[in-house]
Every structure is written in C-alpha cells, then in structure tokens.
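Engineer: prediction below, plus the sequence it came from.
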Amino acid sequence: MSRPSTCCTTRGRTWRRLVLALIAALLLAIGFFIPHAGSWLVVEDPFTHAEVAVVLSGLPTSRAFAARDLYQHGLVESIWVIPEPANKIEGEMVNDDVRTELVQHGLVEASPEPWAQRVLLAMGIPKENIVVLPKPAQGTINEARWVREAFTGRLPKRLVIITSKSASRRARYIFRQVFQRDGVEVLSYPTPYDLFEAHRWWAQPRHALTVVTEYEKLLINVLTLSIGAVRR
C-alpha cells in the first residue's frame, strides 16, 4: 500500500488552515457587527426641503408627531397618510364582531378619520395640506406602490418617508426600489418619538425581538423585489 505523497499532505494542511482562518474571520466579523445590528437598521437622511412626507402605517401617533415637526419647520409642503386598517383597535387587529360591539358601546367611532390625520389636524396642520390614501396597504412594498400610483404621474422631486427607527433602512430601500426609474429622491426620517434603543437593542427582549424580526423582513423584502425585477 502506497503512502500519501508529502505534496498532498501539505496541500491538505494548507486548505484546513485556510478554512479555519476564514471561519475565524467570519466569527470576528459577526462578533463585531452584532453590537451594531440595531444601529445599522436606523438611517436618517439630512435634507432642507421636500414636497411630500409620507406617514407609513403601523405606529400612527409617533409618526404623525414627526410629520408635524417637519411641516412646522418648513421642511415639507404636504403630508400623506396611509390609514390603518379599520379593524385595528389600539394596535390590535380584531374581527368584525368585536369591532361592531365596540362601536355599539361607543368605544370606537363607526367611520373615524385616520388617527394620524386627526393628530395632525389637532396640531394645527391645515387640512388642505394633508392627503389620506383611500385605504390601507398590506406591507411596506404595497405602501410604496400605492403611493407611487396615487401621484398619478405628478411625481415629486423629493419624497420623505416617516416610519419607526428600526424599519427606516428597510422602508427606504423599498421606496427607492419602487421609485428607482422615476427620478424621485427618496429620503428617510425615522420618528424621533420612537422608543427603540438602537445602541443597546439586546438589553430589552422587546427591542431584541424587533431587531431579529426586522432583519427577517428585510431579507424577505429584498428577495420579493428581486424576484419581481427579474420577472419584469
């Protein structure tokens, strides 16, 4: 029986060392990135003026406050509101029977204006400077597509999207993909009223879950938009 040649043995050791070095480098990169995983999700673009600010659905109160600030400082001309689903009560989705009973007891209005719109009006934003989309949209991709359709060809030069801190990078990516052929500059303004702690996201289970969920959504959205682009 012949023994393995010295050349083959040396080559095998070289490959093992290379693999171990790559694994070590990968672990170091992951270890470096994990503490910054929350901060990477948050992106805010500086700007001095934009025609439209779009309040994405999800957390209408804190996002409406951010839109109010931009308007009062003269940074945006109008505010677009994507309404919450009619059956979303206090942040919880309920069925039709529950909503009907809440209306009967006077706890919920039968046909209220979107909460974000009511906040903006109460804060002194002129009604003519508020645009409410006709109905809710499922998911950020559909929100971006509906906003684009709502412009009916009269696209702005600059658009600011207002969302939560953790969703800001993902939302900006989606809107930029949807508007990429239109010459519209899409900017992100995460609401400063969001309590998400990006620098210590691991310290609270709620924030840790937010980070994990957000990366899952980002991956799904990237794949969805990529598949759609290939099909076109």
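Structural biologist: Nice, thanks for sending it over. Residues are numbered from 1 along each chain as shown.

Engineer: switch to C-alpha atoms for all contacts and neighbour counts from now on
Structural biologist: Fine.

Engineer: now the strands for the chain?
Structural biologist: 50-55, 76-81, 88-89, 92-93, 130-132, 158-162, 185-188 (DSSP state E).

Engineer: residue 213: which of those strands is closest?
Structural biologist: Closest to residue 213 of the strands of the chain, according to Cα to Cα: strand 92-93, at 18.0 Å.

Engineer: show me the helices in the chain, by range?
Structural biologist: Per DSSP state H, the chain carries helices over the ranges 6-33, 37-41, 60-72, 96-104, 115-122, 140-150, 168-178, 205-231.

Engineer: tell me which of the ones you listed sits nearest to residue 88.
Structural biologist: With Cα to Cα as the criterion, residue 88 lies closest to helix 96-104 of the helices of the chain, at 8.8 Å.

Engineer: any residues touching that closest one, and which ones?
Structural biologist: 87, 108-110 (Cα atoms under 8 Å, 6 or more residues apart in numbering).

Engineer: emit the PyMOL select command for whichever of the residues you listed are buried.
Structural biologist: The buried residues among the contacts of helix 96-104 can be selected in PyMOL (16 or more other Cα atoms under 10 Å) with this line:
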select buried, resi 87
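
Engineer: could you dump the contacts of helix 96-104 to a markdown table with distance to residue 169?
Structural biologist: Output for these, formatted as a markdown table (distance: Cα to Cα, whole Å):
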| residue | distance to residue 169 |
| --- | --- |
| 87 | 28 |
| 108 | 34 |
| 109 | 35 |
| 110 | 35 |
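
Engineer: pLDDT-wise, what's the bottom of the contacts of helix 96-104?
Structural biologist: The lowest pLDDT within the contacts of helix 96-104 belongs to residue 87, with 72.

Engineer: and it, how far from residue 132?
Structural biologist: Distance of residue 87 to residue 132, given as Cα to Cα, to the nearest Å: 17 Å.

Engineer: in this structure, where is pLDDT below threshold?
Structural biologist: Counting by pLDDT under 70, the chain contains low-confidence residues at 1-13, 18-33, 90, 229-232.

Engineer: can we see that at 80?
Structural biologist: Low-confidence regions of the chain, defined by pLDDT under 80, span residues 1-33, 35, 85-94, 108-112, 153, 228-232.

Engineer: is it true that residue 162 touches residue 63?
Structural biologist: Yes - if you go by Cα atoms under 8 Å, residue 162 and residue 63 touch, sitting 6.1 Å apart.
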